[in-house]
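Undergrad: Need the 3D shape of this:
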Amino acid sequence: DRLRERLVGLGYQEIVTVPHVDPERDALFREGGARPVRLSNPLSEDASVLRGTGVVTMAGALEWNLNHGQRSVRLFEIGCHYRWRGKETTETRVLTLGATGMAREKSVHQGGREYGFADLKGDLDRIGELAGGFRWAPGGAEWLHPARAGRIQLSQPVGVAGQLARPVSERYKLRQEVFVAELELAPFYEAC
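TA: So this is what the prediction gives:
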């Protein structure tokens, strides 16, 4: 509840998405050599695997909002991602954030400012206060912009954050910079 309250206070809106995704979109975010978790009886081919990261559905939600006239969007989802561990599948509870557009609207007293990586990092640091604070390390996933990304750590690595890389943004037809983050919730909750 405190996590949700903090996110809403930071201007994010909660979404709930279906974890069944298009295998081609899921492949954009899959680590090298990882196999997708396929559904044995999917309703359609474009929803035949379980998401390997919450960023797959977050990017889709941001795409939908931008295509429907929403220029400034901040979303979060508490859900699960699904991966293989040996011969069994695992379900990991994660927090996924997505943001794009204006960090600050133009007013009489100030000019407008686009949302950037520093804004995402600041929002994550405010969330991290609930668990004693995050530490940041350079780097990130392949699907993130190499200069605008970071790894998030508590006593262990718990997630990644950054700007979506150009090939991913082009695949989703995103015409403005989009920032995403994903945190594993079990170590975060233990630290709270």
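
Undergrad: drop to CA atoms for contacts and neighbour counts, all remaining ones
TA: Will do.

Undergrad: Paired strands for the lowest-mean-pLDDT helix or strand in the chain, with orientation please.
TA: Every helix and strand of the chain was ranked by mean pLDDT, DSSP states H and E. The lowest is strand 102-104, at a mean of 87. Paired with strand 102-104 in the same sheet, following DSSP bridges, are strand 113-114 (antiparallel).

Undergrad: ok, then the element right after the strand it pairs with?
TA: helix 117-128 (DSSP states H and E).

Undergrad: got a list of contacts for that following helix?
TA: The contact list for helix 117-128 (C-alpha atoms under 8 Å, 6 or more residues apart in numbering) reads 3, 6-7, 10, 99, 103, 133-134, 148-149, 161-163, 179-180.

Undergrad: From those, which land in helices?
TA: 3, 6-7 (DSSP state H).

Undergrad: Next, format the residues you listed as JSON lines and append pLDDT and distance to Val55.
TA: Formatted as JSON lines, the ones in helices among the contacts of helix 117-128 follow (pLDDT from 0 to 100; distance: C-alpha to C-alpha, whole Å):
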{"residue": "Leu3", "pLDDT": "96", "distance to Val55": "19"}
{"residue": "Arg6", "pLDDT": "97", "distance to Val55": "20"}
{"residue": "Leu7", "pLDDT": "97", "distance to Val55": "17"}
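
Undergrad: Scan this protein for its longest helix.
TA: The helix spanning the most residues in the chain, taking DSSP H as the definition, is helix 54-67.

Undergrad: which residues are in contact with it?
TA: 17-19, 21, 25-26, 29, 51, 71, 73, 75-77, 79-81, 94-100, 172-174, 180-182.

Undergrad: cool, and stretch 181-192?
TA: Contacts of stretch 181-192 (C-alpha under 8 Å, 6+ apart): 53-55, 92-98, 130-132, 152, 154, 158-162.

Undergrad: now, which of those residues lie within strands?
TA: 92-98, 152, 158-162 (DSSP state E).

Undergrad: Any of the contacts of helix 54-67 buried? List them.
TA: 19, 21, 25-26, 29, 51, 73, 75-77, 79-81, 94-100, 174, 180-182 (16 or more other C-alpha atoms under 10 Å).

Undergrad: How much space separates the residue nearest to Gln13 when sequence neighbours are not counted from Gly32?
TA: In space, and not counting its chain neighbours, Gln13 is closest to Leu75: 4.8 Å by C-alpha to C-alpha, 6 or more residues apart in numbering. Using C-alpha to C-alpha, to the nearest Å, we find Leu75 at a distance of 28 Å from Gly32.

Undergrad: Same check on Gln163?
TA: From Gln163 to Gly32 the distance is 20 Å (C-alpha to C-alpha).

Undergrad: More neighbours: which of these two?
TA: Comparing Gln163 with Gly32 by neighbour count (other C-alpha atoms under 10 Å), the higher total belongs to Gln163, at 25 against 8.

Undergrad: how close does that one sit to Arg4?
TA: In terms of C-alpha to C-alpha, Gln163 sits 23 Å off from Arg4.
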